[in-house]
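S.K.: Here's my sequence, what's the structure:
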Amino acid sequence: MPYFDKQKKVWIAQIKHKQRKFRSYHQSKAAAKKWEVRKREELLENETISRIPTVSLLEFATRYLDYSRSKHASKTYYEKKLAFRLLFSSVDPQLPVGELHQGAVLSHLQDQARQRSGNAANKDRKNLIAAWNWAQKYIPGFPSTNPFMVDRFPETRSPRYVPPESDFWKVYDVAESEQDRLMLLCFLHLAARRNEIFYLRWEDVDFKHQQIRLYTRKRRDGSLEYDWIPMTRRLTSELDNHLSSSGSGLSEWVFPNPDTGIPYIARQKWMPRLCRLANVKPFGLHAIRHLTASILVKNDVSLIDIQTILRHKKLTTTERYIHRLASVRSALEVLE
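M.R.: Here you go, the predicted model:
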């Protein structure tokens with residue numbers, strides 16, 4: 001309880017905690033009482049925090065990546081794993097999370113911006129922020145201040161290269177096997193993402209109704225969803241021939257790796273090699289998805305139908321895909 005010191009003419013607040021005494025001087029009894037309450041709360045809070053084991057950056061990263069492996073698509077998981085691997089090249093992984101300072105984070109990301117690009121540094125920043133926010137929810141006593149919330153870096157964005165349709169068919173012609181040519185045709189006729197074709201099963205191909213089921217994790221919560229997409233007559237016929245061909249029906253997978261019998265995980269060198277053989281400007285599998293959208297636009301397919309084929313949740317995403325150059329060009333003609 002506070003008491004009044006007649007000699008000093010002040011109220012003295014005092015509390016005892018674990019054999020230690022704490023005092024403070026105040027002009028009123030009420031102020032002294034408030035100080036005692038706040039001090040007791042502060043000491044209890046510090047005592048609680050001190051009982052929580054310190055988490056290292058490495059433990060934090062390991063726990064988050066274990067979560068990410070089960071939650072996100074493989075491409076996203078490896079992107080997050082790379083962000084931590086690069087962070088630990090400049091920051092001690094055994095450092096307690098509470099000791100990671102924004103200055104160290106900024107210095108690391110600045111180095112990444114110089115060595116790689118502003119785009120790459122911002123991507124790392126985004127993934128590390130998400131990891132810290134996750135840890136705040138699921139790791140007891142995790143610091144509330146996110147040290148990865150530093151300023152973004154300037155980006156230089158180049159427009160995505162979409163190959164001419166003729167270049168696609170040149171690449172198609174130089175593919176070494178019928179299976180590879182059929183895989184390329186699936187990418188074009190289904191506007192499919194890479195893993196949707198790599199992990200395609202025969203049970204997902206409905207020949208009776210001429211449709212195919214494509215699974216994706218391109219959703220905010222990481223859920224695996226599927227859509228049924230109609231198959232063209234040519235694609236239906238060629239898939240049927242592929243199933244009937246020697247050995248194809250023995251696997252559950254439509255496009256197994258001939259060397260392993262299981263789906264491809266990645267084929268980074270495949271498209272660059274085919275483009276060199278075809279003597280065309282290099283493009284990747286995702287560029288074929290953009291090419292499909294471009295072909296649909298040129299043939300006056302409605303935006304809603306293109307959205308359905310690309311399986312976008314929002315129409316604005318489809319608009320970004322096709323850039324709407326035709327409508328902009330016609331609008332500008334009024335200036336002539």
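
S.K.: any idea where the helices of the stretch 51-200 of the chain begin and end?
M.R.: 57-71, 74-87, 102-115, 118-138, 165-174, 178-190, 194-198 (DSSP state H, counting those that start in this stretch).

S.K.: number of nearby residues for the residue nearest to Phe142 when sequence neighbours are not counted?
M.R.: Nearest non-adjacent residue to Phe142, counting by CB to CB, 6 or more residues apart in numbering: Ala135, 4.7 Å away. From N, CA and C alone the C-beta is placed, and that goes for glycine too. Applying other CB atoms under 10 Å, we find 20 residues neighbouring Ala135.

S.K.: Tell me which of the helices of the stretch 51-200 of the chain sits most buried.
M.R.: helix 194-198 (a mean of 21; mean count of other CB atoms under 10 Å).

S.K.: From Leu274, how far off is the most centrally placed residue in the chain?
M.R.: Closest to where the C-alpha atoms of the chain average out (CA atoms, centre = their mean) is Thr76, at 4.3 Å. For Thr76, the distance to Leu274 (CB to CB, to the nearest Å) stands at 26 Å.

S.K.: Report the mean per-residue pLDDT for stretch 266-273.
M.R.: Mean pLDDT, computed over stretch 266-273, is 91.

S.K.: Now for the residue lying closest to Val297 once chain neighbours are set aside, how many residues are close by?
M.R.: Distances taken as CB to CB, 6+ apart put Ile322 closest to Val297, at 5.0 Å, once the chain neighbours are dropped. Using other CB under 10 Å, Ile322 has 20 other residues around it.

S.K.: Go ahead and confirm Ile322 touches Ser294.
M.R.: Yes - counting by CB atoms under 8 Å, Ser294 is a contact partner of Ile322 at 7.0 Å.

S.K.: Can you tell me what sits against stretch 13-24?
M.R.: 2-3, 12, 25-26, 32-33, 35-36, 39-40, 43 (CB atoms under 8 Å, 6 or more residues apart in numbering).

S.K.: Nearest to Ser117 among the residues you listed?
M.R.: Nearest to Ser117, judged by CB to CB, of the contacts of stretch 13-24 is Leu43 at 49.0 Å.

S.K.: What helix or strand is that closest one located in?
M.R.: Element membership for Leu43 (DSSP states H and E) is helix 29-51.

S.K.: Quick check: buried residues in that helix?
M.R.: By neighbour count on 16 or more other CB atoms under 10 Å, the buried set for helix 29-51 is 32, 35-36, 39.

S.K.: for that helix, packing partners?
M.R.: When contacts are defined as 3 or more CB pairs under 8 Å, 6 or more residues apart in numbering; DSSP states H and E, helix 29-51 sits against strand 10-17, strand 20-26.

S.K.: Dump the helices of the stretch 51-200 of the chain into a markdown table; add distance to Asn146 as well.
M.R.: Converted to a markdown table, these look like this (distance: least, CB to CB, whole Å):
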| stretch | distance to Asn146 |
| --- | --- |
| helix 57-71 | 12 |
| helix 74-87 | 14 |
| helix 102-115 | 9 |
| helix 118-138 | 5 |
| helix 165-174 | 44 |
| helix 178-190 | 39 |
| helix 194-198 | 31 |
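
S.K.: Figure out which of those is closest to Val150.
M.R.: Using CB to CB, the helices of the stretch 51-200 of the chain put helix 102-115 closest to Val150, at 4.7 Å.

S.K.: what helices or strands is that closest one leaning on?
M.R.: Using 3+ CB pairs under 8 Å, 6+ apart, helix 102-115 sits against helix 74-87, helix 118-138.

S.K.: Mind doing that once more with 7 Å?
M.R.: helix 118-138 (3 or more CB pairs under 7 Å, 6 or more residues apart in numbering; DSSP states H and E).

S.K.: related to what we said a few turns ago, and Tyr199, which of the helices and strands packed on helix 29-51 is closest to it?
M.R.: Of the helices and strands packed on helix 29-51, nearest to Tyr199 by CB to CB is strand 10-17, at 60.3 Å.
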